[in-house]
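> sequence first, then the predicted structure, then my questions.
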Amino acid sequence: MSGFHLLEPRASTFASSYDWLFFTMVVMCSVVAIGVFVVLTVFSIRYRRGASVDRTPFSGSSHPIEYAWTITPFLIFLGIFVWAAILYAEAKTPPPGALDVSVVAKQWMWKLQHSEGRREINELHLPLGRPVRLVMTSEDVIHSFYVPAFRVKQDVLPGRYTELWFQATRTGEYPLECAEYCGTDHARMTGRIIVMQPAQYATWLSRGNLAPSMAAAGEERFRSLGCSGCHGANASVHAPKLEGVFGHPVHLSDGRTVIADESYIRDSILLPTKDVVAGFVPIMPSFQGQVSEGDLLELIAYIKSLANAAPPPRQR
């Protein structure tokens, strides 16, 4: 997409809703500002020094007017708050079956990987009409994943995961930008989103899919790091089983209960004493400095692939 646009084209399911909310707020604020300016101007002229007007203090009551200018703005802004809260909840709740894509930001590029294993840099190919969920982290500083045509933006932070989802409604190429100043070449940290017909996307994915899937690569990494020695079915060490854990509640030794999501798995690998599972001794070593952000995402993909598997019986 080139040339000047007052607004990028609406190319996602969120775009129209966000635009309507934005312009509604602009119009309302403009009406209030213009109204205040007009009244201020009229009163300044009418009651200027030396003007022959009635200046007798008002001694009556104006309860209906006071009620009106108090209740009416309250109801209007409450309605806008509810409207925005509904859109926010929708934006934070990806639908089931969304296409997972992992994003690692670094100075100054976007590294993206599809769950099937296909990798991209500063480009993201997507199928039309399918929800896409991005799991994002940064290797260095704070970045911000921003697609103006989709009306979506999410900060990408080092040391934790953030999520963003959207569904493209138009094929084409759309700018991808970093909306957080991240260093010397921040302005060059750009890319493009390429939305394709589902059949074209499937062809593109199969032609370039020479690498193993993220789950398969994660399983290989899982074994090479020796994780299966403790978490495997035949392990002699008393460690939590990973089958069926992702997405489910985990009871911790301090009485808390957490959901085993991406952040929990990441912390369990890098900070194993932070959230100790109830009934287990914190003997797992930290893998801080031994695995990259890409390795972590592949390990998480492998554990996610075990989400619906039943824990195997422990061998005695």
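Cool, got the structure.
> doesn't Pro272 lie inside a strand?
No. Membership of Pro272 in a strand is not supported by DSSP: H, G, I helix; E, B strand; the rest coil, which gives coil.
> and it, how far is that from Val38?
Here the criterion is CB to CB, to the nearest Å. By it, Pro272 lies 65 Å from Val38. For the C-beta atoms, the positions are set from N, CA and C on the backbone; glycine is no exception.
> ok, those two, which is more surrounded?
Higher neighbour count among Pro272 and Val38: Pro272, with 16 against 10, using other CB atoms under 10 Å.
> surely the more buried one is in contact with Pro285?
Yes. Taking CB atoms under 8 Å as the definition, Pro272 is a contact partner of Pro285 at 7.1 Å.
> can you pull the contacts of Ala202?
Taking CB atoms under 8 Å, 6 or more residues apart in numbering as the contact definition, Ala202 lies against Pro127.
> assign a three-state SS to it, would you?
Three-state secondary structure (criterion: three-state DSSP) places Ala202 in helix.
> so where's this structure uncertain?
1-5, 208-210, 233, 309-316 (pLDDT under 70).
> in the lengthiest helix in the chain, what counts as buried?
Of all segments of type helix in the chain, defined using DSSP state H, the longest is helix 15-46. If you call a residue buried by 16 or more other CB atoms under 10 Å, then helix 15-46 has these buried ones: 15, 17-18, 21.
> so which bits of the helix or strand hosting Phe74 are buried?
Using DSSP states H and E, the secondary-structure element containing Phe74 is helix 63-91. The neighbour-count check on helix 63-91 (16+ other CB under 10 Å) flags Ala91 as buried.
> ok, Ile283 - contacts?
Shown in contact with Ile283 (CB under 8 Å, 6+ apart): Val237.
> quick check, it in a strand?
No. Counting by three-state DSSP, Ile283 is not part of a strand but coil.
> for the stretch 151-300 of the chain, what spans make up the helices?
Listed in chain order, the helices of the stretch 151-300 of the chain (DSSP state H, counting those that start in this stretch) span 198-208, 214-224, 228-231, 262-270, 293-305.
> the residue lying closest to Asp254 once chain neighbours are set aside: how many residues sit nearby?
Once its chain neighbours are removed from consideration, Asp254 has its nearest residue in Val276; the separation is 7.6 Å (CB to CB, 6 or more residues apart in numbering). Val276 has 17 neighbours, counted by other CB under 10 Å.
> now do the one 10 residues further on
Taking other CB under 10 Å as the neighbour definition, Ser286 ends up with a count of 13.
> from what I can see it touches Leu271, true?
Yes. Distance between Ser286 and Leu271: 6.6 Å, which falls inside the contact criterion (CB under 8 Å).
> neighbours of the nearest residue to Gly229 once chain neighbours are set aside, how many?
Take Gly229 and drop its neighbours on the chain: the residue closest to it by CB to CB, 6+ apart is Ala235, 5.9 Å away. Residue crowding around Ala235 was assessed by other CB under 10 Å; the count is 15.
> how near is Ala235 to Arg266?
Relative to Arg266, Ala235 is positioned 22 Å away (criterion: CB to CB).
> now do Ile300
According to CB to CB, Ile300 and Arg266 sit 7 Å apart.
> more neighbours: which of those two?
Summary of the neighbour comparison: Ile300 and Arg266, criterion other CB under 10 Å, with Ile300 having more neighbours (24 against 20).
> for the residue lying closest to the more buried one once chain neighbours are set aside, what are its contacts?
Leaving out its chain neighbours, the residue that sits closest to Ile300 by CB to CB, 6+ apart is Ile265, at 4.9 Å. Contacts of Ile265 were listed using CB under 8 Å, 6+ apart, and they are 246, 299-300, 303.
> for the residues you listed, which one is nearest Val101?
For these, the minimum distance to Val101 (CB to CB) is 13.1 Å, reached by Ile300.
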